[in-house]
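Undergrad: predicted coordinates and the sequence they were generated for:
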Amino acid sequence: MGEAPAFFVDNLQNGFSNGFGLKSKGFETFTDVGDKTFVIGGANSDSTSSVGIQIYDKSTGKWVIPTVLGTKPKTYKGHSAILLNEDRIMISIRGSTPDDCIWFLEVDTEYVKEQKKDFGTEVVAWSKGVTGVAEKPVVISGPSGVGKGTLINMLMKEFPSMFGFSVSHTTRAPRGMEKNGVHYHFTERNVMENDIKHGKFLEFASVHGNLYGTSIEAVEAVADSGKRCILDIDVQGARSVRANYLDAVFIFICPPSMRELEERLRARGTETEEQILKRLRNAEAEIEQGKSSGIFDYILYNDNLEECYENLMELLGLGGSAPINQKPASKVIDPPSNHSVSKINNKMVINCETKEVGNEAKNLIILDVSSLKGGAPGRTRGLNIHAIDLFSDGLNGIHELS
Ligand SMILES: Nc1nc2c(ncn2[C@@H]2O[C@H](COP(=O)(O)OP(=O)(O)O)[C@@H](O)[C@H]2O)c(=O)[nH]1
Ligand SMILES: Nc1ncnc2c1ncn2[C@@H]1O[C@H](COP(=O)(O)OP(=O)(O)O)[C@@H](O)[C@H]1O
């Protein structure tokens, strides 16, 4: 049995009385979850404004402005909204770019419940909906000077369409050849601390006296491009990723000896004597933890560089003549400005009216949401999408998009 459309944004236009004494500006949707009503949009009638969110608590009769986490939709020209699994609202953005049209606003998921405890406020969290499921990221750790960067560069050079580097944020100063946004996002400590507070980082750590961290966006942007993400992070960061987040392959790179490590660090010539000594002092503890903490799935010794690289490729499934299974970038859909959303069992139906010259077509986009993975603070992956064209003479065809 089908269910009635949950909400059509068009119903609210032209001063529709919303029952809350709130003057509609034409872009809001109202979604009930328990005794709360989530009012999405309408913060600003400017067509390019970002989506505002307010919560009406029916039990207290009060309005609440929640803490909003995650990356929001880039553009906002109105939307349709529908409740999914009682804990998130699926939102399709009108006339947006194809990679930016399906979003989820989590309102009562496990992640949101945890964040509510931390913030002591109402919390909602955005995550972008994408098709496909990303390959496991690769976390590479090891002491300074062991050769992590060298190995990662070799991998990225040989398989440029397969791997993408997670560009970390750091408060340390750039080295001579380092480019902002390529090697690191070089940033001020107060800016980074504020972003950490607002849940934008997957992990962060203080290393050799500076703050380093992986933003959620850095990892997700690589996955969105259909590539496998490589993270070069310290042991503390690897521990956090292991504990909090994702299924990844964890690799620790060990030097053949402390003496060799020192020689490599000095030969690299990028640090002052004081910085080299600090890195060497920290290296002993890092190696100790890397070998014994149970964080890492593999330990590789980087004595001979070529051999170590071969071993790295082997454990990433690239050894010998292994085929390179390049996954296509996630496909997403593009609902036109004139659309609405409804729900039939566990399928979401986006109903699009399109007027082509000499041809009036109705296009249904069916989203199967039964195997969603992930969610805030990253992406909601695994959307299964089918498009159905209905022309005036009936069902014309079904196109599977993913
Ligand atoms: N936790 C964490 N560590 C990072 C991150 N980015 C880099 N690091 C680690 O910070 C340490 C210092 O990195 P860097 O200043 O580039 O010096 P290098 O290791 O001597 O090349 C290394 O152990 C990196 O793996 C990050 O985003 N998070
Ligand atoms: N197996 C190896 N043998 C000799 N030198 C190496 C080896 N691996 C890396 N190096 C050199 O050691 C220095 C440190 O390597 P780098 O990749 O910058 O380390 P990390 O990123 O772990 O700090 C670089 O000058 C690099 O060319």
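TA: On my side now, so go ahead. Residues are numbered from 1 along each chain as shown. Ligands and ions are numbered 1, 2, ... in the order given.

Undergrad: check what pLDDT residue 386 gets.
TA: On pLDDT, residue 386 comes in at 78.

Undergrad: thought it was touching residue 363?
TA: No - with contact defined as CB atoms under 8 Å, residue 386 and residue 363 do not form a contacting pair (11.2 Å). Any C-beta I mention is one placed from the backbone N, CA and C, and that applies to glycine too.

Undergrad: near ligand 1, which residues of this protein?
TA: Counting by CB under 6 Å from any ligand atom, the residues of the chain lying close to ligand 1 are 141, 144-145, 149, 168, 172, 203, 205, 207-208, 212-214, 232-234, 236-237.

Undergrad: the closest residue to ligand 1 within the chain: neighbouring residues, count only.
TA: Using CB to the nearest ligand atom, the point where the chain gets nearest to ligand 1 is residue 237, with a distance of 2.3 Å. Applying other CB atoms under 10 Å, we find 23 other residues in the vicinity of residue 237.

Undergrad: buried residues in stretch 128-143, which are they?
TA: Residues of stretch 128-143 classed as buried by neighbour count (16 or more other CB atoms under 10 Å): 128-132, 134-135, 137-143.

Undergrad: quick one: least confident helix or strand in this protein?
TA: Sorted by mean pLDDT, DSSP states H and E, the helices and strands of the chain end with strand 394-400, the least confident at a mean of 43.

Undergrad: confirm that residue 152 sits in a strand.
TA: No - per DSSP: H, G, I helix; E, B strand; the rest coil, residue 152 lies outside any strand segment and is helix.

Undergrad: now do it against residue 260, distance only.
TA: Between residue 152 and residue 260 the distance, using CB to CB, to the nearest Å, works out to 19 Å.

Undergrad: of those two, who's got more company?
TA: Comparing residue 152 with residue 260 by other CB under 10 Å, the one with more neighbours is residue 152, at 19 against 14.

Undergrad: check contacts around the more buried one.
TA: Shown here is residue 152, whose contacts under the criterion CB atoms under 8 Å, 6 or more residues apart in numbering are 140, 165, 230, 232.

Undergrad: okay, now the unreliable bits of the chain?
TA: Within the chain, the ranges that satisfy pLDDT under 70 run 1-26, 42-50, 245-246, 320-334, 353-362, 389-402.

Undergrad: what strands line up against the lengthiest strand in it, and which way round?
TA: Longest strand in the chain by number of residues (criterion: DSSP state E): strand 379-391. Sheet neighbours of strand 379-391, with direction, are listed as strand 123-131 (parallel), strand 359-368 (antiparallel), strand 373-374 (antiparallel), strand 394-400 (antiparallel) (DSSP bridges).

Undergrad: flag every buried residue along that strand.
TA: Of the residues in strand 379-391, 379, 380, 381, 382, 383, 384, 385, 386, 387 count as buried by neighbour count, 16+ other CB under 10 Å.

Undergrad: what is the nearest of these to ligand 2?
TA: Ranking those by separation from ligand 2, with CB to the nearest ligand atom as the measure, puts residue 379 on top at 28.3 Å.

Undergrad: so that closest one versus residue 99, what's the distance?
TA: With CB to CB as the criterion, residue 379 and residue 99 are 11 Å apart.

Undergrad: could you find the closest non-adjacent residue to residue 255?
TA: Taking CB to CB, 6 or more residues apart in numbering, and ignoring the residues beside it in sequence, residue 255 has residue 261 as its nearest neighbour in space, at 4.0 Å.

Undergrad: just residue 236 next, same as before
TA: Closest residue in space to residue 236, ignoring its immediate chain neighbours: residue 205 at 3.9 Å, by CB to CB, 6+ apart.

Undergrad: thought residue 56 was touching residue 63?
TA: Yes - with contact defined as CB under 8 Å, residue 56 and residue 63 form a contacting pair (5.7 Å).

Undergrad: neighbour count: these two, which is higher?
TA: More crowded of residue 56 and residue 63, by other CB under 10 Å: residue 56, with 21 against 14.

Undergrad: neighbours of residue 341, just the number please.
TA: Neighbourhood size, residue 341 [other CB under 10 Å]: 25.

Undergrad: touching, it and residue 93? I think so.
TA: No - counting by CB under 8 Å, no contact exists between residue 341 and residue 93, whose distance comes to 11.1 Å.

Undergrad: ok, residue 79 - contacts?
TA: With contact taken as CB under 8 Å, 6+ apart, residue 79 is in contact with 9, 27, 29, 40, 41, 51, 91, 92, 93, 94.

Undergrad: distance to residue 114 for those residues - can I get that in a markdown table?
TA: Listed next are the contacts of residue 79 as a markdown table, based on distance: CB to CB, whole Å:
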| residue | distance to residue 114 |
| --- | --- |
| 9 | 31 |
| 27 | 30 |
| 29 | 26 |
| 40 | 22 |
| 41 | 26 |
| 51 | 23 |
| 91 | 22 |
| 92 | 27 |
| 93 | 27 |
| 94 | 32 |
